[in-house]
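Colleague: Structure of the sequence below:
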Amino acid sequence: MNEESCTVDSNLASQLESYRAMKIGKTAPDFEFMGDVFTPGYTSEGNAPQKLTDIHASYTVLVFGSSWCPTCPQELIQIAGLYQKWKEQNVEVVFVALDENKEIFNKFITPFPFISICDYQKWESPVAKSYHVFATPTIFLLSNKREIILRPNSAKQMDSWIDWYLVKGNN
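Modeller: Okay, here's the model as predicted:
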């Protein structure tokens, strides 16, 4: 929109739809883990989750990002450092990469102890589209029923929520 025209371009429309469709309290879409799926910590393929609803944690942190995103590497390294603490609070992490190159994706996720998936479709990924992702990183905290509880803007904010609601609540 500008002074001469009251039109909404597709980018703004996507952002507005994201806030409407993916607001706190809504149920997040389920999705199958397509493309390359890395499930460290699962002892065999048989018990590794094949879709979001296969995760039996109390909470799931869903992170959309990429190797080419300026802030994603730092955020994901912070999440990797916090992962064991979060896991002890029954919180699982799923990283949905919006990368296009298999070799870069594989190298990028090597240090991550959490589930990482990539279908190499970047912004055209059906998962990114179903979650109305228009920027990276985009983070959702979901309950075990996929209810959106929080849309934190950083690993630090997510960790503060875990400290306040889970760690402190258990003491």
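Colleague: elements contacting the helix or strand containing residue 75?
Modeller: Assigned by DSSP states H and E, residue 75 belongs to helix 72-88. Judged by 3 or more CB pairs under 8 Å, 6 or more residues apart in numbering; DSSP states H and E, the packing partners of helix 72-88 are strand 59-65, strand 91-97, helix 155-161. Where C-beta positions appear, they are placed from N, C-alpha and C, glycine not excepted.
Colleague: Rebuild those as JSON lines, extending it with distance to residue 77, mean neighbour count and mean pLDDT.
Modeller: Converted to JSON lines, the helices and strands packed on helix 72-88 look like this (distance: least, CB to CB, whole Å; neighbours: other CB atoms under 10 Å; pLDDT from 0 to 100):
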{"stretch": "strand 59-65", "distance to residue 77": "11", "mean neighbour count": "24", "mean pLDDT": "98"}
{"stretch": "strand 91-97", "distance to residue 77": "12", "mean neighbour count": "25", "mean pLDDT": "98"}
{"stretch": "helix 155-161", "distance to residue 77": "9", "mean neighbour count": "17", "mean pLDDT": "97"}
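Colleague: Show me the contact partners of the helix holding residue 75.
Modeller: Residues outside helix 72-88 that contact it (CB atoms under 8 Å, 6 or more residues apart in numbering): 61, 63, 65-67, 93, 95, 108, 111-114, 136-137, 154-156, 158-159, 162, 167.
Colleague: rerun that using 7 Å as the cut-off
Modeller: Residues outside helix 72-88 that contact it (CB atoms under 7 Å, 6 or more residues apart in numbering): 63, 65-66, 93, 95, 111-114, 136-137, 154-155, 159, 162.
Colleague: Next, give me the two most distant ones among those.
Modeller: Using CB to CB, the pair of these lying farthest apart is 66 and 162, separated by 24.2 Å.
Colleague: Lovely, talk soon.
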